[in-house]
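>>> Mind looking at a prediction? Sequence and model below.
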Amino acid sequence: MFCDRCGKNPAVVHRITTINGKKKELHLCKECAMQEKGMIIDNPFSINALLSSLLDMGGETPIKIEKLDTVKCSQCGMGFTEFKKTGKLGCDECYASFRDRLLPLLKRVQGNTRHSGKIPKRIGGSLRIKKEIENLQEELERAVKAEEYERAVELRDRIKSLKEGSK
């Protein structure tokens, strides 16, 4: 798709505005977009800036600034402050070294600290059952806390039958 204004360069900026229910699309190249009022082209989106801003947000476990400089990866020597600047870890050992600082970040970004993606049908039979048992156990705990004992008994029995069936 080419620029709507000059017609020569490829469009890199796509703006859609809706005014009084009428949708208007504008596709511009970088040069034409810089001439357009209200468009800021000089500040491209940076994933590093996003991660860094998330690290600076108040979370469940506050991180003390004086400790950030002293925490370093035992394998590559990367400091946590360097990770905050770049948004990239140096090696696989960094995950273990910065675990207590990364978990709150992952929870804020992804909503959970465990992977909950799809499981392949061909090989995921036992894994699927294990995941279902974990979910049922969490639901069982909530039912007991809410004093829904009839529901808790049903969940307990379902968990028991899944465990016996997977042996």
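Cool, the structure landed. Numbering: from 1, shown residues only.
>>> Spatially central residue for this protein, please.
residue 110 (3.1 Å; Cα atoms, centre = their mean).
>>> which residues does residue 82 contact?
residue 90 (Cβ atoms under 8 Å, 6 or more residues apart in numbering). For every residue, glycine as well, the C-beta is placed using N, CA and C.
>>> Check it and give its pLDDT.
If you check residue 82, the pLDDT there is 83.
>>> Any figure for the gap between the closest residue to residue 11 other than its chain neighbours and residue 8?
Counting by Cβ to Cβ, 6 or more residues apart in numbering, residue 11 lies nearest to residue 27, which is 3.7 Å off, once chain neighbours are set aside. Going from residue 27 to residue 8 by Cβ to Cβ, to the nearest Å gives 13 Å.
>>> Residue 83 too?
In terms of Cβ to Cβ, residue 83 sits 42 Å off from residue 8.
>>> So for the two, which residue has more residues nearby?
residue 83 (25 against 10; other Cβ atoms under 10 Å).
>>> check contacts around that one.
Applying Cβ under 8 Å, 6+ apart, the residues near residue 83 are 89, 90, 94, 98.
>>> got a pLDDT number for the second one?
Residue 90 carries a pLDDT value of 85.
>>> next one: residue 109
Taking residue 109 on its own, its pLDDT is 78.
>>> Over to the one 4 residues further on?
With respect to pLDDT, residue 113 has a value of 74.
>>> Mutual contacts of residue 27 and residue 8, please.
residue 2.
>>> Show me which positions of whichever helix in the chain runs longest end up buried.
Criterion DSSP state H: the longest helix present in the chain is helix 125-145. Neighbour counts using 16 or more other Cβ atoms under 10 Å place 133, 136, 139, 140, 143 of helix 125-145 among the buried residues.
>>> Thank you kindly, that will do.
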